[in-house]
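1. give me a model of this one.
(one chain, ligands or ions: 1)
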Amino acid sequence: MTILVRFDRVSVAAGGRTILRNLSFDIREGDKAVFRGQSGSGKSTVLKTLLGVYPVTAGCVYFSGKPLDRDAVTAIRACAAYIGQEPVLGADTVRDALLLPFGFRAHRGKMPSADALAETLARLGLAPSILDQDCVRVSGGEKQRIAIARAQLLGKRLYLLDEVTSALDEESKRAVLDFFGDPALTVLSVAHDPAWIARCDTVFELEEGHLAGAA
Ligand SMILES: Nc1ncnc2c1ncn2[C@@H]1O[C@H](COP(=O)(O)OP(=O)(O)OP(=O)(O)O)[C@@H](O)[C@H]1O
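-> You can find the predicted model right below:
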C-alpha cells in the first residue's frame, strides 16, 4: 500500500517550546493508527501538524510523497477531516449543518439525496429525527458523529480523529468502530478507549513529544 503520510525526524514548536521531537512514522493508505500517551505528550499536535497548524522546525512531513508545503496542506485539507472533541457544526439545525458545504462552489452539484443522508446517519447510529434538531441541543458525541457524517458525504478518505469514542454509549461506539473499519478510509487518531485501540493496526506511544514505542 502507498505511504500516505510520513513523518521523518520531525520536530514541532509552539509558543516558543518544542512540542514534538524527532518523530518518525509512516501511515499507509487504509491504515488505522492511534496515538496514545499522557495528557500533554503531543498527541493532538501530531494531527494538527498535518493540517499545517504548527511549524515544523526540523525534519520533514510528507503527504503523498510531497513535502508539507502550502500546496500539500491545501491538498490535505481537501481530502482530510479533522474531528475534534467539540466540532463546530456552523448551522442552526443538523440538516443545515450536514448540507452546508454543498452550497460552496467546490461541492456544488453533489448535494446528497434524502436517502444518502438517512443511510449515512444510520451507519453512525443516529436516528433520522436528529436532522430537525437544533445544533445547540445535540450532545458532544452526537456532534462528533454529525461531523463524521458530513465528512463521509463529502467523500473524505483521511480522518484525523481526536477521542471520537470517549463520549459514546456502547451501541453508538460499535457503529463508529464499524464505520471506520472501511478499508478505504485512512485514520490517524488520538484515543484512550481500549475498544478503539484494539481496532487499530498501529499503536504509537508518545512520551513528552517523542515516540516511546510502536506496536
Ligand atoms: N499553541 C500552543 N502554544 C503553546 N503550547 C502549546 C500549544 N499547543 C499545544 N501546546 C502544548 O503542547 C503540549 C502538547 O499538547 P497536545 O494538545 O498535543 O497534547 P495531548 O497529548 O493531545 O494532550 P491531551 O491528552 O491533554 O489532549 C502541551 O504541553 C500543550 O500545552
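2. quick check, stretch 161-169 touching the ligand?
-> No. Residues of stretch 161-169 are not located near the ligand by CB under 6 Å from any ligand atom, the shortest gap being 7.4 Å. Every residue, glycine included, has its C-beta placed from N, CA and C.
3. which parts of that stretch are buried?
-> Buried positions in stretch 161-169, judged by neighbour count with 16 or more other CB atoms under 10 Å: 161-168.
4. which of these scores worst on pLDDT?
-> Within those, the minimum per-residue pLDDT falls on Ala167 (81).
5. what's the helix or strand for that residue?
-> In the assignment (DSSP states H and E), Ala167 maps to no helix and no strand.
6. taking the protein, what residue is nearest to the ligand?
-> Gly15 (2.5 Å; CB to the nearest ligand atom).
7. ramachandran angles for that residue?
-> In terms of degrees, to the nearest 10, the main-chain angles of Gly15 are phi 60, psi 30.
8. quick one, strands of the chain?
-> Ranges of strands within the chain are 3-14, 17-28, 32-37, 56-63, 66-67, 80-83, 158-162, 186-190, 202-207, 210-214, based on DSSP state E.
9. how many neighbours does the residue of the chain closest to the ligand have?
-> For Gly15, the count of nearby residues is 6 (other CB atoms under 10 Å).
10. cool, and Arg105?
-> Neighbours around Arg105, by other CB under 10 Å: 6.
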